[in-house]
Structures are given as C-alpha cells and as structure tokens.
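Chemist: Dropping a prediction and its sequence here:
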Amino acid sequence: MNKIGLLFFAFICVFKLNAQCKLYVSPLGNDANIGSEIQPLASLTGARNTIRKLKKKHPSIKEAFWVIVEDGKYFMKEPLVLLPEDSGTKEYPIIYKAAKGAKPVFSGGKIVSNFVVNTSGLWEAKIPETIYYKYKFDQLYVNNKRANLARTPNKGFIKIDTVTQNIWKQGASKVAEKAEQSIYFNKENSKILAEVSKEDISNIRFKAFHKWDFTLRYLDAIDVDSAKIVTSGKGMKPWNPLKKDRRVIFENYEAALDAPGEWFLKNEGSLLYKPLKGETIENTEVVIPVLENLITIKGNALQGLFVENIYFKDLTFTDCHYKIPPTGSEPNQAAAILNAAIMIEGARQIKITNCELSNIGQHAIWFGKGCHNSEVKHTYIHNIGGGGIYLGDFKPFEDSLHTHDITVENNIIKSGGQDFPAAVGVWVGHSSNNSIIHNDIGNFYYSGISVGWVWGYKPSLAKKNTISYNHIHHIGWDLLSDMAGIYMLGASEGTKVEHNVIHDVHAYSYGGWGMYADEGSTGITFRNNLVYNTKTGGFQQNYGKENIVQNNILAFAKKYQLQCTVPEEHKSFSFTNNIIIFKEGMVAKGAWDKVNAKMDKNLYWNVSGKDYNFNNHTFKSWKKMGFDTNSLISNPYFIDANNYNFNFKRTSNYKKIDFKPFNYAEAGVYGTPSWLKKAKLSTSITIAFKEAVETNMKKNIKR
C-alpha cells in the first residue's frame, strides 16, 4: 500500500462516525491493494499486514478491524501467523469473517492438474517439487476425500509371529533411547515382502496396532528368506510391546498399489493414482496438502505478551499436511505428539465460531500452554488424520502458562484418527475449568473425550472440567483396546461428567467402555449419563478414589455391565441410584470381591430373563458382601429399551431407588435442522461399524 492510500484509508477508519474499520479480501485481490471493497487484498496475511501498518501509523485508533472475506477458494502460500502485535482489545477486537452469504475456503494444498493415463491404466502426474527438491507428502485428497496410501493387505492385517530387540542405548528411562527390533512373520505372510523393490525399501513403512497404542516405522531392511523386517528407533515400551499376534499393515510402496482409491509417490517424482469407479480426470480434483500449519497464534504468556481478542467466523480451512518424520511415530497415547492445523499458545479471548476444518493430517485445533478464556463454537471438524480439539499441555504448567477456561461448545467432530488412530475427539491435558458441552463426537478409533495426563496419584492440574451434554458414538471399532467414550485419568477433583449420551463403543480386545476412570482418577462425578451398546461395560474403574457414579442409565453392554480392576484400601467409588439393563453377559466383572466401594439403591434388569451373574455371585451372595443392600432386580419400565427409547412408561420401580429421570434428548449439538443433520454419520459408516462389532464378537478370542 502506498503512503497516500494508507493515509486515505486510515482517515476513513478513524474519522467516519460510528464506523468499523473494514478490510476486504478476495480471490481476485492483490496484497498491494489498500483493502477496500473495490481494491481488495488477496490473503489473510495481507490483511494482517495492512492492520499492522494502520495500527503503527495510528496507535490511538479506536475501531474494531473487520476482515471481510469474499466467496471463493484461497490457496495459502504460507500460514497466517498472529503475534501479540496483531491483537485487538475487548472493545475493539479483530475479526476475520466471511462476507454475508459467502463460504470462503482456505486451502493449504495444491491442485494436481497434469494427470495422464499410463499404460497400466493408472493416473500419473509429474510433481515438480519432488523431482527438483525431493519433496514428499504423506496425505492426498481426491474430490475432497482422503485417498488411501498404497497398502498391503487392502483389508485386514498381517499378524506378527515373534519379535526380538537389540538395545543400543538404554538411557535413564524404562524405554530404551535407541534400539533395533527384528519382527518375524510366518512364511505365508513373508511372500508380501518379496514384492518390494529395492528402490522402495527406503519408503516402505509398517503400522502396528497394539492395545491403546499405534506404532509407525520405516524399515531398515527386509530379509525374505528369514521372513523378517528390521526397524530401529526407540525401545519398545515394556508395558505395551510389539509381540506375537499384534496386527500390522505395510504401506507406501508401488507393488501395493492394487486397489481403487490408492495412491503412491515414486522417488523420481511420479504420482500414481488408481481411480475409483466413475472417476475421470475431468471430473476429479486431486489436492496435495503442502502447508503443515494453517494458522499459528503465538504469544508469550510468561512475559504477559498475549495474543488476544481475535475472532474467526464462518471460514473454512482445509488440506493441511502432516509430514511423517524419518523416525516414524513412536507409540503415544491419544497421539499427543502431533501438532495441529491451528496452533495456539499464549493467547486469550480467541474465538472460533461457525468455521469448518477438514482434510487435516494432524489435529485440528490445539490451545497449548498459556491460553485461557477462549472458545470454539458451532464448528465442523471432520476427516482428520489426528484428533479434533486439544487443550493444555503434557507438563503441569502453572500461573500464566496454565491453560484454563476454554469453552468447546456445539461442535461436530467426526471421522478422526484416520492416519493416527490413537487420536481423540477432545483431549484435555494439564488444563482446568474448561467446558466441553453439547458436542457431537463420532467415528474415532480410540476415545471420544480424554481428560487428564497423570498416571496414578501424582499432582494433576486437570481440575474442575465440565464434560456435559455431549453425544459420543461409534468409537473404537475393532482396532484398538483399553478405551472409552469418555476416558478419565489422574486426579480431577471437581470434574463433572453429566448428561452425556454415549453409545456404540467397541474395542479389539479388552475395553470399549462407556465411561472409564483409569489410573488414579479422583474426585469425579459421573451423573445423569445414558450409556448403551458398549463392549465391556457402561462404567469401568481401573483404580482411583472418591469418584461418584450416580443416577445413570447403563444399557446393553455385551460382556459385562460394570468393571473394576484394582482394589485399594481407600474408598474407590460410590455407585448409587443407577439403572442397569442388559440382555447378555455378566452384571459385574473384576476385583469386586476386594474393592472398597459403596453400591446401593441400584436397579438391575435382564430383559432376556436369564440369571444375574455378579462376578460369579448370585444377587443374594452379592448382597452378603455388603453391596446393593437396598437395590432391586426389577423392570424399570422403559417405553421401548430395545429401540433405545429410555423414557419411562411407569414410575413405580425407579422411584424405589430414588432415581431422578433426566432428558437425555438434550445431549448433542443444537441449532438448525441442517446443522443437526450434519452431525449424523453416513449409513455406510454405521453399517460398517455394526458389521465390525458383530465379526469381532463372533471371534470371541481372549487376547
């Protein structure tokens, strides 16, 4: 912007009575323009720079800056970086928003437009960045959907036969700093490795799925004769190693490119894609994600230099790349080692409203250390390689670096963990006083919501969080284990888990709970939740103390309705005024014979008419143990429990246990019919989930 234009525009902003300072951004704009409606800018970064110049030129300006973004698709050349100098004030915030009726899309990717059909019937395009700069990418989006990187097998897994480990450097941790693993397969599966060309050995990697973890590694060597692969990195975790029968897939080599919808990038720069039925080069848009971050908001909370009072409204962000490191991805709970497309630190009063994030290789949004009094509302997050919204840090930062009071409300977060299956819908680390309410979270492979980052009774800063009125469903599938709809960890005094609806939670082996109080969970209230269609229970406590489980409806778990694992001398939990209805499996399973827990005024009902197995006790002997003295085996008289209508047609029995009905229909997102419809998973996903559950249960294998 030249000096005359800058002064003229500043004059309009400052002296026009009751005016807002408006800057316009358009796909037809130019960042050398003044930013008027007639001479718009071309990018959010251009708007940021113009605001910086105006504020510097007129430090006493008292107007809110509105960056009005016109309709169209914007291919970002760099992330939008906001620093403390880019802040607004409470009275005069800086707002980046879509023009009225517009739906602008900001893409961190690049369209591939030079495909030809090669002699093998594959689409092939030369990628100049790979040819000249050896650039590699790990995700690809075709017609706005995630394409599958070439893998073997196309469905199912290969199982490990044996694993040996050679530790190179132990270090101070239980997990060796450096180690080499040799992973052996049976002769039948080793034939797959014979198809790998020497050129591809440096590219090929394996993904292994074990308990709640996921390992992704490149190969150092393949020995077909010995039916083994060799890989190196950190040592295996003693509590969750790779071992016999762990499931593995291989990916990222040309011989595996054999199924429609798969792609592969050759070292010499040729991108290959095997089209789906009906796809033509003319009707297909292929996008390579390029930027590894779309927005960075970075203040310095320690020095009191916050980025603050910045709002994003009605904007869409898409096509963000996650570059897999040369070391791969070591096992990490909740995939917490990833970064995010929108990364925020040292910030307050940041508001993200009615936005959309999709086609993301990592997590979508992360409020890291030093963030508070901010919110994400009515935002649609889907098709993500990692998780949805992450709050806080791994470390217990206090004072100005402590993250707290973030509101996550009325968001749709679905189809996550596509590249990193251990990711979750909403994660809360060492962070307190957050409100996670009225969200719809569905189609994840690990947990829906995870709160806490301390194992055992060490100090935790995950206090007084509210997890309420969320709809959490179709979680786990048959991929990972030891997970839940809502997963709690460590001391969380004052945390409330209330009025949530959780259903269709499954696990590969053990786990698949509705609500899970894991190691050291303390001071949590689970109240007025509806949980149904889980694998191993509506509620499970590993170990913890003084938790309250009250006035919940727990229905139709497949193996057990309730579980507890580790008995301790102190009171572990109280379980009162709950209704448990089921048609298969045991009522309770675990360390019940030794656990210190209060169980009373509950109602149990087996709709099948069969026996009640309380950890291999009858109800009579269960009562003699001191449990459920005033509890009943009685019909709760739901209107139609088999079709998941848990409203009551009679009041007589539930009143006997002092149960108080709650309106579970209030859980989930709220708003327009189109918003509610968007929250629903496609029929193809729900049918596939049901089939996966049925297949897994039929195997009935003790793993």
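Modeler: Yep, that arrived.
Chemist: Please name the nearest non-neighbouring residue to I131.
Modeler: In space, and not counting its chain neighbours, I131 is closest to G269: 3.6 Å by CB to CB, 6 or more residues apart in numbering. To be clear about C-beta, it is placed using only N, CA and C from the backbone, and glycine gets the same treatment.
Chemist: Repeat that for T565.
Modeler: Spatial nearest neighbour of T565, chain neighbours left out: N542 (4.5 Å); criterion: CB to CB, 6+ apart.
Chemist: Equivalent analysis for E569, please.
Modeler: N596 (6.6 Å).
Chemist: State the distance from that neighbour to L461.
Modeler: Remark: distance between N596 and L461 (CB to CB, to the nearest Å) = 27 Å.
Chemist: Please say which of the two ends up with more neighbours.
Modeler: Taking other CB atoms under 10 Å, N596 and L461 do not tie; L461 has more neighbours (23 against 13).
Chemist: residue contacts, that one?
Modeler: Residues near L461 by CB atoms under 8 Å, 6 or more residues apart in numbering: 392, 396-398, 402, 430-432.
Chemist: Buried among the residues you listed? Make that a PyMOL selection.
Modeler: To isolate the buried ones among the contacts of L461 in PyMOL, judged by 16 or more other CB atoms under 10 Å, type:
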select buried, resi 392+396+397+402+430+431+432
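Chemist: Turn the contacts of L461 into TSV, columns for pLDDT.
Modeler: TSV is the format used below for the contacts of L461 (pLDDT from 0 to 100):
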residue	pLDDT
G392	97
P396	94
F397	95
E398	93
H402	97
H430	97
S431	98
S432	98
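Chemist: hang on, isn't the residue nearest to T565 packed against E519?
Modeler: Yes: when contacts are counted by CB atoms under 8 Å, N542 is listed as touching E519 (5.6 Å).
Chemist: Counting neighbours, go ahead and name the busier of these two.
Modeler: The neighbour comparison of N542 against E519 (other CB under 10 Å) goes to N542, with 21 against 18.
Chemist: Please report the distance of that one from P396.
Modeler: 21 Å.
Chemist: So for S226, what's the nearest residue that isn't a sequence neighbour?
Modeler: Y184 (7.2 Å).
Chemist: count of residues packed around the one you found?
Modeler: Per other CB under 10 Å, the neighbour tally for Y184 reads 17.
Chemist: And it, what's its pLDDT?
Modeler: Confidence at Y184, expressed as pLDDT, is 94.
Chemist: And for Y446?
Modeler: Looking at Y446, the pLDDT reads 97.
Chemist: quick one: it and F420 touch, right?
Modeler: No: Y446 is not in contact with F420 according to CB under 8 Å; the separation is 9.3 Å.
Chemist: List the buried residues of the longest helix seen in the chain.
Modeler: For the chain, the longest helix by residue count, based on DSSP state H, is helix 683-699. For helix 683-699, the neighbour count (16+ other CB under 10 Å) marks 685-686, 689, 692-693, 696 as buried.
Chemist: Now flag whichever of those residues is closest to N552.
Modeler: Set against N552, the nearest of these by CB to CB is V693 (22.2 Å).
Chemist: Which residue, other than its chain neighbours, is closest to the closest one?
Modeler: V693's closest residue in space is H506 (CB to CB, 6+ apart), at 4.9 Å.
Chemist: and if you look at N203?
Modeler: Nearest non-adjacent residue to N203 (CB to CB, 6+ apart): N252, at 5.0 Å.
Chemist: List the contacts of the one you found.
Modeler: Taking CB under 8 Å, 6+ apart, one finds 149-151, 200, 203-205, 264 in contact with N252.
Chemist: at 6 Å what do you get?
Modeler: 149, 203-205 (CB atoms under 6 Å, 6 or more residues apart in numbering).
Chemist: Show me this protein divided up by domain.
Modeler: For the chain, automatic domain parsing gives the domain ranges 3-107, 109-150+257-287, 158-255.
Chemist: Low-confidence regions, the chain specifically.
Modeler: The chain contains residues with pLDDT under 70 at 1-19, 700-703.
Chemist: The spatially most central residue of it and I524: what is the separation?
Modeler: For the chain, the residue nearest the mean C-alpha position is G387 (2.3 Å; CA atoms, centre = their mean). To I524, G387 is 21 Å away according to CB to CB.
Chemist: again with I34
Modeler: With the distance defined as CB to CB, I34 ends up 55 Å from I524.
Chemist: Look at the two and report which has more neighbours.
Modeler: Set I34 next to I524 and count neighbours by other CB under 10 Å: I524 wins out with 28 against 20.
Chemist: quick one: that one and E493 touch, right?
Modeler: No: assessed by CB atoms under 6 Å, I524 is found out of contact with E493, at 8.0 Å.
Chemist: how about K191, secondary structure?
Modeler: helix (DSSP: H, G, I helix; E, B strand; the rest coil).
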